[in-house]
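>>> Build me a structure from this.
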Amino acid sequence: MTAGRPDRYLAVPVRNDSGFAMRSWPLASLLLLDLSVERTLKEIPMRFQLSLLAASLCACLTNDAATPVDEITADLELENGGFDTADEAAEFGQDAVFADAQIEPASEVSDEMGADVTAMDVVGAEAHDMVLVWGRLPPDPTATDGRDWSGTLELSRGGMMIRRRIGFELATDRTLPRTRRDLIELRSVTRPFADGLVLRIVDDRPGDAEPIRLTYRSIDGARVHTIDLRDLREGPIVRDDGDGNRMVAAGRRRNDQCAHGTMRGRWHALAPNAGVYLGVVANAAGEPIGHVRGIFGQRRNGNSVMFGKFIDRTGRFTGVINGNYDAATDSFEARWLDRQGDHGVLKGLFFEGATLRAGGYVARWAETSCGQ
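Next up is the predicted model:
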């Protein structure tokens, strides 16, 4: 924390010896206000909601002359958005904010087909590590209609191993016992948020003329989405399932000589050209290895930029994020900089939301040495 700042602020230190310019912006207080208002609005009559919202905003912002949007807009003009290379507390010292964001948790899986798929992963085979999520994207905490995703995931060849489940709830979600390495049967119902799986896919015939494909088919056969794994090299892939529901795949071809993985979380627009994001960073196996927070928006020169900071689970500095986003395609691409310079790249898709829980993103990250 910067000296003199109250603990409710997600403070960014003033300029340090690294040469990065630093500013402080009240992200934590704004996000907690946002969540408090979101919960409260459900419990009071509509005619009182606008006055409550106005009063809450005034109470939050009167301690500083500039509004949060003003602060973010100013920080966007700084080198790397004002983020430095210092170590932080775990979760940036804002575990309550991350908890309130309700990023879908991931749980480890012991897959019956694990040994079979691992045995396929020999010299000459090609493996992909990926996360597949489906559901309401962007999230909608007010949604009342659910979407039944029960059905199958089937490969055109090869095999796949489930490494983690994402957002599964005991009452509605499970994977059925597996008897085939190329098929996963699942039961999944989503409403405000999303479910997903972290997969390792092994192609034992990568030289075939036809590419390896992963196909989702609903249990009634009415909804089908196919993903060509070659397309993962360009970034996350999205398939529209209607009524605000989507299926998104992110990942890359495995490279044991470098580190790579995925990132997902919340993407919150505070204004048309200014917002914040936060999230969980995972390795190729889907294991959480750190956290990220940042800002995005439009600079005075018209460029749409994003900046952020990536730390490990203990708070140790891992990288500064510097990149651009495209509102027309809901995509972003960024460099990951460590204390020595360029270290990696990010590619992602975002789904803008007007509240913290009503926006999201999915991305892949990799060290520069991974190549494509």
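
>>> So residue 233: helix, strand or coil?
For residue 233, the assignment made with DSSP: H, G, I helix; E, B strand; the rest coil gives helix.

>>> Surely it and residue 253 touch.
Yes: using CB atoms under 8 Å, residue 233 makes contact with residue 253 at a distance of 7.2 Å. From N, CA and C alone the C-beta is placed, and that goes for glycine too.

>>> tell me which helix or strand of the chain sits lowest on mean pLDDT?
None of the helices or strands of the chain scores lower by mean pLDDT, DSSP states H and E than helix 49-61, at a mean of 43.

>>> Closest to the centroid, which residue in this protein?
In the chain, the residue lying closest to the centroid (CA atoms, centre = their mean) is residue 264, at 1.4 Å.

>>> Please, which helix or strand holds residue 238?
Using DSSP states H and E, the element containing residue 238 is strand 237-242.

>>> the more surrounded of residue 233 and residue 253?
Neighbours per residue, other CB atoms under 10 Å: of residue 233 and residue 253, the larger number sits with residue 253, 20 against 14.

>>> Hmm, the more buried one is touching residue 125, no?
No: with contact defined as CB under 8 Å, residue 253 does not reach residue 125; the gap is 11.3 Å.

>>> Look up which residues are beta-bridged to residue 282.
Under the criterion DSSP bridges, residue 282 forms beta bridges with residue 262, residue 288.

>>> burial count for it?
Residue 282 has 22 neighbours, counted by other CB under 10 Å.

>>> Make 743 the first number, not 1, from now on.
Okay, using 743 as the starting number, the last item reads as residue 1024.

>>> Sort out which residues of stretch 898-907 are buried, please.
For stretch 898-907, burial by neighbour count (16 or more other CB atoms under 10 Å) applies to 898, 900, 901, 902, 903, 904, 905, 906, 907.

>>> Tabulate those in JSON lines, adding columns for distance to residue 962.
Putting the buried residues of stretch 898-907 into JSON lines (distance: CB to CB, whole Å) gives the following:
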{"residue": "898", "distance to residue 962": "22"}
{"residue": "900", "distance to residue 962": "26"}
{"residue": "901", "distance to residue 962": "26"}
{"residue": "902", "distance to residue 962": "23"}
{"residue": "903", "distance to residue 962": "27"}
{"residue": "904", "distance to residue 962": "23"}
{"residue": "905", "distance to residue 962": "28"}
{"residue": "906", "distance to residue 962": "27"}
{"residue": "907", "distance to residue 962": "23"}
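
>>> residue contacts, residue 868?
944, 945, 948, 995, 996 (CB atoms under 8 Å, 6 or more residues apart in numbering).

>>> Tell me which stretches of the stretch 793-942 of the chain form helices.
810-818, 837-843, 856-862 (DSSP state H, counting those that start in this stretch).

>>> if we can go back for a sec, with pLDDT and distance to residue 914 added, can I get the contacts of residue 868 in JSON lines?
Converted to JSON lines, the contacts of residue 868 look like this (pLDDT from 0 to 100; distance: CB to CB, whole Å):
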{"residue": "944", "pLDDT": "97", "distance to residue 914": "30"}
{"residue": "945", "pLDDT": "97", "distance to residue 914": "32"}
{"residue": "948", "pLDDT": "94", "distance to residue 914": "36"}
{"residue": "995", "pLDDT": "92", "distance to residue 914": "33"}
{"residue": "996", "pLDDT": "90", "distance to residue 914": "32"}
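
>>> Going through the residues you listed, which ones are buried?
For those, buried by 16+ other CB under 10 Å: 944, 945, 995, 996.

>>> From the residues you listed, which land in strands?
Applying DSSP state E to the buried ones among the contacts of residue 868, the entries found in strands are 944, 945, 995.

>>> In contact with the first one, which residues?
Translated: residue 944. Taking CB under 8 Å, 6+ apart, we find residue 944 in contact with 859, 862, 863, 867, 868, 869, 900, 901, 902, 903.

>>> need those in TSV with pLDDT and distance to residue 988, can you?
Shown next, in TSV, are the contacts of residue 944 (pLDDT from 0 to 100; distance: CB to CB, whole Å):
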residue	pLDDT	distance to residue 988
859	96	27
862	95	30
863	93	30
867	95	30
868	95	27
869	96	25
900	97	25
901	98	26
902	98	21
903	98	24
